[in-house]
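A.B. asks: here are the coordinates; sequence isn't available:
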């Protein structure tokens, strides 16, 4: 009987965590991110927010041409990528940033996939079974996550619209979460 109670409590806790993640994360209340309206500059750049506000919050999500993008400020640099993980659509805005072999990586909170902030490469730890004593080494899966060019000008942070002529694995979830952040059931 005690096992059933423990199992029920575990299920309830997992469900509550799922709801917290599904509900989303709000970093800072910036006009472009909170209202859904973006200001497009003549050169096509999209205003994300004030540089100082983003530096304080370390991250912010915003819509860029309808797709949700997360902008990180990490170790003196701005990085922008699709906000949903290429693997299963996990919310990268809730992930932790780790250093892996000198590269800053966002770790997806759902399945712990590691993505470099600089290039969007997916990383994994693998071994070479042909070695006598194989030791795990970090390897690249290739670029999986779409990154976006960030420009800082006069205290404002801008993101360039994505070049959709090249596709990335993260495009699938970026498209699925386009309408109000809810996963579309349409095929």
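C.D. replies: Done, it's in. The shown structure was predicted, so the numbers you read here are calculated from the model rather than taken from an experiment.

A.B. asks: got the buried residues for whatever helix or strand residue 115 lives in?
C.D. replies: Counting by DSSP states H and E, the element that carries residue 115 is strand 114-116. Of the residues in strand 114-116, those with enough neighbours to count as buried (16 or more other C-beta atoms under 10 Å) are 114, 115, 116. All C-beta spots, glycine's among them, are computed from the backbone N, C-alpha and C.

A.B. asks: Identify the residues contacting the last one.
C.D. replies: For residue 116, the residues meeting the contact criterion (C-beta atoms under 8 Å, 6 or more residues apart in numbering) are 100, 103, 104, 105, 123.

A.B. asks: what does residue 72 give?
C.D. replies: Here residue 72 is in contact with 58, 59, 78, 79, 80, 97, 106, 117 (criterion: C-beta under 8 Å, 6+ apart).

A.B. asks: Can you pull out the low-pLDDT segments for this protein?
C.D. replies: 2-42, 179-187 (pLDDT under 70).

A.B. asks: Run through the helices of it in chain order.
C.D. replies: All helices of the chain, identified by DSSP state H, fall at 2-23, 31-34, 51-57, 171-176.

A.B. asks: Packing partners of the last one?
C.D. replies: In this case it means helix 171-176. strand 67-74, strand 77-82 (3 or more C-beta pairs under 8 Å, 6 or more residues apart in numbering; DSSP states H and E).

A.B. asks: now the ones you listed as a markdown table including distance to residue 88?
C.D. replies: Formatted as a markdown table, the helices and strands packed on helix 171-176 follow (distance: least, C-beta to C-beta, whole Å):
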| stretch | distance to residue 88 |
| --- | --- |
| strand 67-74 | 15 |
| strand 77-82 | 13 |
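
A.B. asks: nearest to residue 162, of the ones you listed?
C.D. replies: strand 67-74 (7.0 Å; C-beta to C-beta).
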